[in-house]
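1. Okay, predicted coordinates and the sequence, questions at the end:
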Protein chains: 2
Amino acid sequence: MSKGLPKRSEDYSLWYNELVKRADLAENSAVRGCMVIKPYGYSIWEKMQAQLDKMFKETGHTNAYFPLFIPKSFLSKEASHVEGFAKECAVVTHYRLKNAEDGSGVIVDPEAKLEEELIVRPTSETVIWSTYKNWIQSYRDLPLLVNQWANVVRWEMRTRLFLRTSEFLWQEGHTAHATAKEAMDETIQMMNVYAQFAEEYMAVPVVKGRKTENERFAGADDTLCIEAMMQDGKALQAGTSHFLGQNFAKAFDVKFATKEGGLEYVWGTSWGVSTRLMGALIMAHSDDNGLLLPPKLAPIQVVIVPIYRGEAELEMISVKAKEIMSDLRKVGVSVKYDDRDTQKPGWKFAEYELKGVPVRIALGPRDLENGTIEIARRDNLSKETFDLSSQPIAEKISGLLEEIQQGIYKKAFDFRASVTTEVNSWEEFQQVLEEKGGFISAHWDGTSETEEKIKELTKATIRCIPLDRKEETGKCVLTGKPSQGRVYFAKAY
Amino acid sequence: MSKGLPKRSEDYSLWYNELVKRADLAENSAVRGCMVIKPYGYSIWEKMQAQLDKMFKETGHTNAYFPLFIPKSFLSKEASHVEGFAKECAVVTHYRLKNAEDGSGVIVDPEAKLEEELIVRPTSETVIWSTYKNWIQSYRDLPLLVNQWANVVRWEMRTRLFLRTSEFLWQEGHTAHATAKEAMDETIQMMNVYAQFAEEYMAVPVVKGRKTENERFAGADDTLCIEAMMQDGKALQAGTSHFLGQNFAKAFDVKFATKEGGLEYVWGTSWGVSTRLMGALIMAHSDDNGLLLPPKLAPIQVVIVPIYRGEAELEMISVKAKEIMSDLRKVGVSVKYDDRDTQKPGWKFAEYELKGVPVRIALGPRDLENGTIEIARRDNLSKETFDLSSQPIAEKISGLLEEIQQGIYKKAFDFRASVTTEVNSWEEFQQVLEEKGGFISAHWDGTSETEEKIKELTKATIRCIPLDRKEETGKCVLTGKPSQGRVYFAKAY
């Protein structure tokens, strides 16, 4: 039934790669490191986009679009920013091809060399702040709350579908404010929006936290994040929200006239989530049968499969199926009726399991006689025979979808709890990391040196300093030096 | 009131540029030829996207995403395709920057040269057909109906906001079919979708036609198009739909097993519209007061401006305004209440005129007493005092928006009719083109030579061979040679 999918427990990495391809989510393209997002995968991304976009608009943001290219000199204007991105960027140097004179084909025209090289945006702070300089003169122009949906490129040497690709899709919010407090409030607000989206829509519980200085965005004074836990015990950074201080305002000389008549640098934030979320969604819930989608993000929430022999039976079943479809659509449930005659029901069942459709309804001639349908849940693979006269079908299915949504979340929550461990010694740290993985809550002395040493020794990084951590003094798990509180370590994607 | 906008009649080109900037639609960026689409402009594009996307989905298409980069060798696989795009493309040659050893800043790392240069997609036929090779094996995999929303780059030397920019946003449909007929039907269907969108939503009448061989898409066997007429008498190609024959299937070796057990090359189409449509929308309707938006694409359909002195008056007016807002929102009208105290009503009136908001409602203390509001139309600048007890406000405004939508279309239609001229001599051709511009319907001998000659002499091109042209033999307007029917000439954007 699993269409030969490798077992998750045997080879998590292979399982993931095969699942992504076979469930028609994405595949590698002919262009190194760039993926093709296939129609089914893209339709899930569209659901994510629609919900996030709604949440951004509800919090006062509007969309805009800025250039794909960034002049090389722009990137250099913010010192730590260029440090962070220069090593992995696609550089445009020419603007024309021509036919080789020896007839060997098309070559780059050496006469069409750009005066200044252009970088394909790895992120847009620089080009956006150079624009904001023209948009912001006075406090009346603030706050400026803009978001962009775009593709970005970071030249990755080791890529993985959705998780790490040279080109990816994302949204990047870029806001400008009159005060540090307003900017920090925005930074926190957007982290909360991401957390709400992850938990309520993706059904993925997240830890809200602060990055250490080491892990901060290149150009930020502070980076907040949400960290999720995958089923193999590795963490995944699912979204970040940066307090940029006045760094980019200073780099691009963006000042505003204050209410009091002064002139000050503007305060900034930026925040983003990307098609990485697709990777998180897949890895957080799916199993050996394939994808498992939370109903709120499933492009098809219910599939109806007719079980029939011959045209006459199909016709009768179709009447009932369409009645059910119509009832479900009225309450906003997305439903597909798969009456293809090229595939058998068993094949279809496996197909929709693989694609993570939350609910499957099967309907045969016996069901018609009895006034029943068979309802199968993707999450726990249970089946029930449902008496159509016992409850309106729309009510039944809506309730079930809600139950599944919550069930998936609870399962992920419980799993995370089961792999989150407080440790108090270096021995324990290594043992837990080795045997169980997950989040390790441990004391840390607060130095980059120790953080790097631990990474070197174990590949575990500090995922975040949880925002809700208890006040607790202790001793650093590696150095024994004093610590002000626990942080979360994990191996991570 | 026009905020110093140049007069359309005096300098059309300057008027357009200034309007685009002052109405917050777009502006030039620091990157040559690339524009920034500002929040208000982008919100109109989002309305366009949403409607087009709906129409694409209703005709069976799904979205997907393909790589931004195209290997140089791919572009060369279809001979006329590379001819068409090689001369204006952005070429990525390196994947890293580094610090210059002399401390002069960041430079391209010569050691990070790509083995094969990558082209930033000017259009995606090549990368998509290289993917389709893996997706298509049998007739069961057809038709494949895919669309992509994306940015593309064509290196333009002379750019103009929305109309011609080095980077632009668009959608590109790419479909694969088992037969030439099916592919041709799709090509026609999508041209019709575009025409319907232009006329019903943008309120821009279009001529549906076929491009001459000269003007065909590079790689197509046939190009259908919709051509719109701007207020300065110049035409604008608003959308194209290409019948690709088997050209890309052959270039990328995409064959399918037929029902009958044979093996054949797949038939293809591609079709696209871009942010150029924004230019068409602006130029087709706007006037000396600014933008004029058809209600169906207006992000704000109604704005309510309170006329008040002091807080107490504002409070009373706000109660009524919010009642009206609520009534309008219930019927799906988008409405904004502008109670900012930083600007005077007159300033606001001019602002919303500039931004093309279709309906403005003003509401003062006298209105409250009398149970009236003032309704002003953006299209004809007329005002009326409306008695709120005479008709439900939602009904009144809905009707008015519909009337405005139709009125704008009719005006554009009548204008186009007034600048569409049948001419029968070369003298007349030149005179009409010079004095009136617009579409010139004339006989043409069918040769590329004559077409080019006319372009050379007058700058007018054959916009299209109208699909609905009458059967009519005649003599070519330039050469006097026999012609099978009239074609549309015009100067064009």
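-> Received the coordinates, thanks. Numbering: from 1, shown residues only, chains lettered A, B, ... in the order given.

2. Start and end of stretch A:465-475, how far apart?
-> Here the two ends of stretch A:465-475 are set 16 Å apart, with distance taken as CA to CA, to the nearest Å.

3. Ok, stretch A:250-266 next?
-> Its first and final residues considered, stretch A:250-266 spans 8 Å by CA to CA.

4. roughly how far out does that stretch sit from the chain middle?
-> Stretch A:250-266 sits 35 Å away from the centroid of its parent chain (CA atoms, centre = their mean, to the nearest Å).

5. Can you name the residues bridging to A:K383?
-> Beta-bridge pairing for A:K383 (DSSP bridges): A:A376.

6. Okay, it and A:W170: tell me how far apart.
-> From A:K383 over to A:W170 the distance is 39 Å, taken as CB to CB, to the nearest Å. Any C-beta I mention is one placed from the backbone N, CA and C, and that applies to glycine too.

7. who has more neighbours, those two?
-> Neighbours were counted for A:K383 and for A:W170 using other CB atoms under 10 Å in any protein chain shown; A:W170 has more, 17 against 12.

8. so what strands line up beside the helix or strand encompassing that one?
-> According to DSSP states H and E, A:W170 maps onto strand A:167-177. Paired with strand A:167-177 in the same sheet, following DSSP bridges, are strand A:144-153 (antiparallel), strand A:267-274 (antiparallel).

9. Need those in CSV (columns: mean pLDDT).
-> Shown next, in CSV, are the strands paired with strand A:167-177 (pLDDT from 0 to 100):
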stretch, mean pLDDT
strand A:144-153, 98
strand A:267-274, 98
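
10. tell me the most buried of those strands?
-> By mean neighbour count, with neighbours taken as mean count of other CB atoms under 10 Å in any protein chain shown, strand A:267-274 ranks first of the strands paired with strand A:167-177 at a mean of 26.

11. chain center to the helix or strand just after that one, what's the gap?
-> Helices and strands here follow DSSP H and E; after strand A:267-274, the next one along the chain is helix A:276-285. Distance of helix A:276-285 from its chain centroid, counting by CA atoms, centre = their mean, is 7 Å.

12. Okay, helices next: where are they in chain A?
-> A:12-22, A:39-58, A:72-75, A:79-85, A:125-135, A:180-196, A:247-251, A:276-285, A:310-330, A:345-354, A:365-370, A:393-418, A:426-435, A:448-458 (DSSP state H).

13. In the stretch 201-350 of chain A, which residue sits nearest chain B?
-> Distances between the stretch 201-350 of chain A and chain B by CB to the nearest CB are smallest at A:T342, namely 6.4 Å.

14. my guess is that residue contacts B:D141, does it?
-> No. A:T342 is beyond contact range of B:D141, at 11.3 Å (criterion: CB atoms under 8 Å).

15. ok, these two, which is more surrounded?
-> B:D141 (15 against 6).

16. so who does the more buried one touch?
-> By CB atoms under 8 Å, 6 or more residues apart in numbering or on different chains, the contact set of B:D141 is B:W135, B:F256.

17. Could you tell me which residues within stretch A:434-449 count as buried?
-> Neighbour counts over stretch A:434-449 (16 or more other CB atoms under 10 Å in any protein chain shown) mark A:G437, A:G438, A:F439, A:I440, A:S441, A:A442, A:H443, A:W444, A:D445, A:G446, A:T447 as buried.

18. how close does the last one get to A:L14?
-> To tie it back to what came earlier, the one meant is A:T447. A:T447 is 38 Å from A:L14, where distance means CB to CB.

19. low-confidence ranges in chain A?
-> A:1-3 (pLDDT under 70).

20. thinking again about what came up before, okay if I get the buried residues of stretch A:434-449 as a markdown table plus distance to A:K250?
-> Shown next, in a markdown table, are those (distance: CB to CB, whole Å):
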| residue | distance to A:K250 |
| --- | --- |
| A:G437 | 42 |
| A:G438 | 41 |
| A:F439 | 37 |
| A:I440 | 38 |
| A:S441 | 37 |
| A:A442 | 37 |
| A:H443 | 36 |
| A:W444 | 31 |
| A:D445 | 32 |
| A:G446 | 27 |
| A:T447 | 28 |
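
21. Which ones among those residues map onto strands?
-> The strands, defined by DSSP state E, take in A:F439, A:I440, A:S441, A:A442, A:H443 from those.

22. Which of these sits closest to chain B?
-> A:F439 (32.6 Å).

23. who does that closest one bridge with?
-> A:T420.

24. Now do the same contact list for it.
-> By CB under 8 Å, 6+ apart, A:F439 lies in contact with A:V207, A:E227, A:M229, A:A235, A:R416, A:V419, A:T420, A:T421, A:R463, A:Y488, A:F489, A:A490.

25. ranking the residues you listed by neighbours, who comes first?
-> Within those, A:M229 tops the neighbour count with 31 neighbours, counted by other CB under 10 Å.

26. was I right about that one contacting A:G438?
-> Yes. At 6.4 Å, A:M229 counts as touching A:G438 under the criterion of CB under 8 Å.

27. Find residues that contact each of those two.
-> Jointly contacting A:M229 and A:G438 under the rule CB under 8 Å, 6+ apart are A:R416, A:V419, A:T420, A:A490.

28. How about the residue found closest to the last one once you drop the neighbours it is linked to in the chain: which residues does it bridge to?
-> Right, the one you point to is A:A490. Leaving out its chain neighbours, the residue that sits closest to A:A490 by CB to CB, 6 or more residues apart in numbering or on different chains is A:A235, at 3.8 Å. Assessed by DSSP bridges, A:A235 has beta-bridge partners A:M229, A:A492.

29. give the contact list for A:A235.
-> By CB under 8 Å, 6+ apart, the contact list for A:A235 reads A:E227, A:A228, A:M229, A:F439, A:R463, A:Y488, A:A490, A:K491, A:A492, A:Y493.

30. Please apply the same query to A:A442.
-> When contacts are counted by CB under 8 Å, 6+ apart, A:A442 touches A:E422, A:V423, A:N424, A:F429, A:V477, A:R486, A:V487, A:F489.

31. and if we set it to 6 Å?
-> Counting by CB atoms under 6 Å, 6 or more residues apart in numbering or on different chains, A:A442 touches A:V423, A:F429, A:V477, A:R486, A:F489.

32. can I assume the first one is in contact with A:L433?
-> Read it as A:V423. No. Using CB atoms under 6 Å, A:V423 is not in contact with A:L433; the gap is 8.7 Å.

33. out of those two, which sits in the busier spot?
-> A side-by-side neighbour count of A:V423 and A:L433, using other CB under 10 Å, places A:L433 first with 22 against 19.

34. and the gap between the more buried one and chain B?
-> Separation of A:L433 from chain B (CB to the nearest CB, to the nearest Å) stands at 33 Å.

35. now A:P358
-> Applying CB to the nearest CB, the value for A:P358 to chain B is 20 Å.

36. and that residue, how many neighbours?
-> Per other CB under 10 Å, the neighbour tally for A:P358 reads 26.

37. Same question for A:V193.
-> Neighbour count of A:V193, defined by other CB under 10 Å: 22.

38. quick one: contacts for A:S398?
-> Each residue near A:S398 by CB under 6 Å, 6+ apart is listed here: A:V331.

39. switch the cut-off to 8 Å
-> For A:S398, the contacting residues are A:V331, A:V333, by CB under 8 Å, 6+ apart.

40. And A:V477, by the same measure?
-> Contacts of A:V477 by CB under 8 Å, 6+ apart are A:V423, A:N424, A:S425, A:W426, A:F429, A:A442, A:H443, A:W444, A:I454.

41. Got phi/psi on it?
-> With angles defined as degrees, to the nearest 10, A:V477 sits at phi -60, psi -30.
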